[in-house]
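Asks: Got a predicted structure here, sequence first:
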Amino acid sequence: MDEQVVFKYSQEHIPSFQAKHIVTLPQAGSDRIYYRLSDGDQHIIATFSHNIEENERFISLGKYFRKEGISVPEIVAVNKQNTLYFQTDGGATSLLEKVQAEGHTVEVKSIYKQVLFDLYDIQRSAQASSFSALFDACLSFGTEQVLYDLNYFKNNFLSKTAITFDEQQLMKEFDQWAKDIGTKEQGYFMYRDCQGRNIMLAENKHTFIDFQGGLKGHPLYDVVSLLWQAKAKIPAQWKDELLQAYLHKVSTKHTAAELEEVGLAHWESDYHKLTLTRLLQVLGAYGLRGLVEGKEHFISSIPLGLGNIKEWLGQNSLTAYPNLYKILKEITTEKFIEQWKIKN
């Protein structure tokens with residue numbers, strides 16, 4: 001959509017905000033186009049996308065979360081076609097950008113901890129009766145979705161490399177892995193892409209964005225997504241400390257009977273499998289956007305993603321999955337990782 005069309009629409013339909021400037025923001029992995037409009041002192045974000053279903057989902061979820069006091073953007077205008085919507089600006093700096101610029105400081109760790117605490121409020125909102133209609137419309141991160149993510153890794157990354165593997169045996173292991181993970185904790189809203197790029201910062205406040213892809217699923221998947229984001233390079237000690245802080249937060253929100261019902265005692269073991277599931281899905285995304293579509297940004301992320309896999313292997317056992325273990329050992333050798341590093 002042309003910048004002038006967006007600019008004119010904002011002036012006509014948001015009378016309390018008279019835009020003076022508009023800038024098209026860099027695109028990330030999606031086809032959505034973002035614009036930042038300014039009236040000199042305040043900013044509004046405009047989003048354009050032909051995916052009407054996705055747009056409507058973001059708008060509906062955003063309005064609900066906002067009403068529940070969760071820090072998400074306020075929707076201020078939507079066009080009749082539902083292809084263009086305007087929302088309050090959560091800030092020009094993401095949590096990922098902050099940690100990359102400032103490093104692993106005490107302040108940054110404090111922000112991560114508060115984000116995790118507020119994240120649980122989003123996840124648990126699925127249990128409110130007022131959320132039932134929205135939640136019923138959510139797909140589940142069940143066996144089929146887990147298997148889809150594992151195959152996403154196989155098809156978009158593994159098959160694009162020189163690694164040889166027994167596909168039939170690997171598929172059997174994927175089936176077993178998916179059956180185990182895909183039956184866990186479907187009573188929660190799973191953000192699905194809770195990572196540092198989707199947490200915006202302004203004036204010591206954080207705002208969650210891009211939650212339209214949420215599913216029914218295990219809440220720890222979101223914790224994994226945030227703590228194991230490759231470019232954030234969160235130290236292992238931080239990951240452990242922040243995970244424990246999150247689990248403590250969960251324990252304070254439930255009775256003993258409720259905690260037993262959701263199986264909190266098993267969540268740490270679930271966490272490790274969910275971690276590898278997420279890491280493989282991310283490598284699949286790097287493969288699709290980088291190796292298939294040729295986007296250098298994603299190719300440069302591959303060594304970081306492989307480094308995460310290597311870290312995970314150093315902490316966990318895969319004795320029941322010998323084919324997967326063999327593949328992961330091969331793709332985490334220094335020689336294999338080195339080939340993906342972009343030389344300046």
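Replies: Received it, and whenever you're ready, just let me know what you need. Numbers count the residues shown, from 1 in each chain.

Asks: for T207, phi and psi?
Replies: phi -130, psi 130 (degrees, to the nearest 10).

Asks: Quick check, pLDDT for the residue nearest in space to the middle of the chain.
Replies: By Cα atoms, centre = their mean, the chain has its centre lying nearest to D193, at 1.5 Å. Note for D193: predicted pLDDT of 91.

Asks: Point out where this protein drops to low pLDDT.
Replies: 29, 343-344 (pLDDT under 70).

Asks: show me where it has strands.
Replies: Under the criterion DSSP state E, the chain contains strands at 21-24, 33-38, 43-48, 75-78, 84-88, 93-94, 188-190, 199-202, 205-208, 215-217.

Asks: name the helices or strands packed onto the third one?
Replies: The criterion is 3 or more Cβ pairs under 8 Å, 6 or more residues apart in numbering; DSSP states H and E, and the helices and strands that strand 43-48 contacts are helix 3-13, strand 33-38, strand 84-88. Backbone N, C-alpha and C define where each C-beta goes, glycine included.

Asks: How far away from the center of its chain is it?
Replies: Here strand 43-48 shows a centroid-to-chain-centroid distance of 21 Å under the convention Cα atoms, centre = their mean, to the nearest Å.

Asks: Serialize the strands of the chain to CSV and add fields for mean neighbour count.
Replies: Output for the strands of the chain, formatted as CSV (neighbours: other Cβ atoms under 10 Å):
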stretch, mean neighbour count
strand 21-24, 13
strand 33-38, 18
strand 43-48, 22
strand 75-78, 17
strand 84-88, 21
strand 93-94, 16
strand 188-190, 26
strand 199-202, 20
strand 205-208, 18
strand 215-217, 22
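
Asks: Pop out the phi and psi values for the nearest residue to Q42 once chain neighbours are set aside.
Replies: Spatially, and ignoring its direct neighbours in sequence, Q42 is nearest to F17 (6.7 Å; Cβ to Cβ, 6 or more residues apart in numbering). Dihedral pair for F17: phi -140, psi 100, per degrees, to the nearest 10.

Asks: So for F117, which of the strands of the chain sits nearest?
Replies: Among the strands of the chain, strand 205-208 comes nearest to F117, with 10.8 Å by Cβ to Cβ.

Asks: Run me through the strand neighbours of that closest one, direction for each.
Replies: Here strand 205-208 is paired, per DSSP bridges, with strand 199-202 (antiparallel).
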